[in-house]
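[1] structure for this input, please:
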Amino acid sequence: MSPEARFQGLKVVVLIVSVAGGIALFYFTFRAREGVPNLTVAFGWNFFYLLAHFAAFLWLPTLGVKLAPELYFGATFCATLPVIVSSFGPARERIWGRVQWSLKEGWVTFILAAAICFAFHWAYVRFYELLAHARLPHMRISDHVREMKLISWWLPYVVYAILGPVTEEICSRGYQFDALRKRISGRATIVVTALAFALFHMNWRHFPLHFVAGLILGWLRWRSGSLRIPILFHALNNGLFVWFVKV
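    Here you go, the predicted structure:
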């Protein structure tokens, strides 16, 4: 089989898996509307998303195949849309409810969270370079963002600054947070969801960065009582990341 034929076959497989995963996620969505524990939806989506990332960034490259940016966008859309739709079900008020603080308190808290996040990032990069005597490697998605920018400047922003953050926050600081909060304390919930968030990104060199970001996002969710603030914080962070990736 020629490389081109093999590539076309893999594209078909990825599309079939994406569509099947989307159908399964819609099933989870309707079950959630019927009152099934939201934790099932959150971890069901995480499992599907992890498999997709494993295929896109680890398995396919070992076969000499790169997932086309347009195909990755389609797979991401299939994976995220059902979760976003599910958030407007019974959990709508808890997830999209009003922020429980004043405008002034919100700005101060948001700026403080951003300062802590960027300060830790700077300190960790310096610590890694001092310890490893090498620069901290770029995240794997940097190359993918660069390829998307070559096709269209807005494509990586839709994937990484809108679809990704909104869906990840609905699952992590929405469904998982609410389900765990019924079983353990607020502080423990923040730590557990941050740990799951860091493991979810499958990058041990950047694990501390993702873990601290998860702690900050969980804290914002806890303090504000709404998912709007962590979604905004996550989206801005990812948007800046996409902005600084050079073509």
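
[2] please save the CA atoms from the helix or strand containing Leu236 in CSV.
    Taking DSSP states H and E as the definition, Leu236 sits inside helix 228-244. Taking Å, rounded to 0.1, in the frame of the first residue of the first chain, the C-alpha atoms of helix 228-244 are listed here in CSV:
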residue,chain,number,x,y,z
ARG,A,228,-17.9,32.3,33.4
ILE,A,229,-14.7,33.5,35.1
PRO,A,230,-12.6,30.4,34.7
ILE,A,231,-13.7,30.1,31.1
LEU,A,232,-12.7,33.7,30.4
PHE,A,233,-9.4,33.2,32.2
HIS,A,234,-8.7,29.9,30.3
ALA,A,235,-9.6,31.4,27.0
LEU,A,236,-7.4,34.5,27.4
ASN,A,237,-4.5,32.3,28.5
ASN,A,238,-4.8,30.0,25.5
GLY,A,239,-5.4,33.0,23.2
LEU,A,240,-2.1,34.6,24.3
PHE,A,241,-0.4,31.2,23.7
VAL,A,242,-1.7,31.1,20.1
TRP,A,243,-0.8,34.8,19.6
PHE,A,244,2.9,34.2,20.6
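
[3] what is it packed up against?
    Packing partners of helix 228-244 (3 or more Cβ pairs under 8 Å, 6 or more residues apart in numbering; DSSP states H and E): helix 103-132, helix 155-157, helix 164-169, helix 207-224. All C-beta spots, glycine's among them, are computed from the backbone N, C-alpha and C.

[4] including distance to Ser86 and mean neighbour count, could those go into CSV?
    Converted to CSV, the helices and strands packed on helix 228-244 look like this (distance: least, Cβ to Cβ, whole Å; neighbours: other Cβ atoms under 10 Å):
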stretch, distance to Ser86, mean neighbour count
helix 103-132, 27, 13
helix 155-157, 24, 21
helix 164-169, 10, 22
helix 207-224, 18, 21
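
[5] nearest to Phe88 among those helices would be which one?
    Proximity to Phe88 (Cβ to Cβ) singles out helix 164-169 among the helices and strands packed on helix 228-244, at 12.0 Å.

[6] okay, the helices and strands packed on helix 228-244 in CSV with distance to Pro82 and mean pLDDT next?
    Output for the helices and strands packed on helix 228-244, formatted as CSV (distance: least, Cβ to Cβ, whole Å; pLDDT from 0 to 100):
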stretch, distance to Pro82, mean pLDDT
helix 103-132, 29, 92
helix 155-157, 21, 89
helix 164-169, 9, 89
helix 207-224, 22, 94
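
[7] got JSON lines for these, with distance to Ser87 too?
    Converted to JSON lines, those look like this (distance: least, Cβ to Cβ, whole Å):
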{"stretch": "helix 103-132", "distance to Ser87": "21"}
{"stretch": "helix 155-157", "distance to Ser87": "21"}
{"stretch": "helix 164-169", "distance to Ser87": "8"}
{"stretch": "helix 207-224", "distance to Ser87": "14"}
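
[8] quick one: which of the ones you listed is nearest Ser142?
    With respect to Ser142, and counting by Cβ to Cβ, the nearest of those is helix 155-157 at 10.3 Å.
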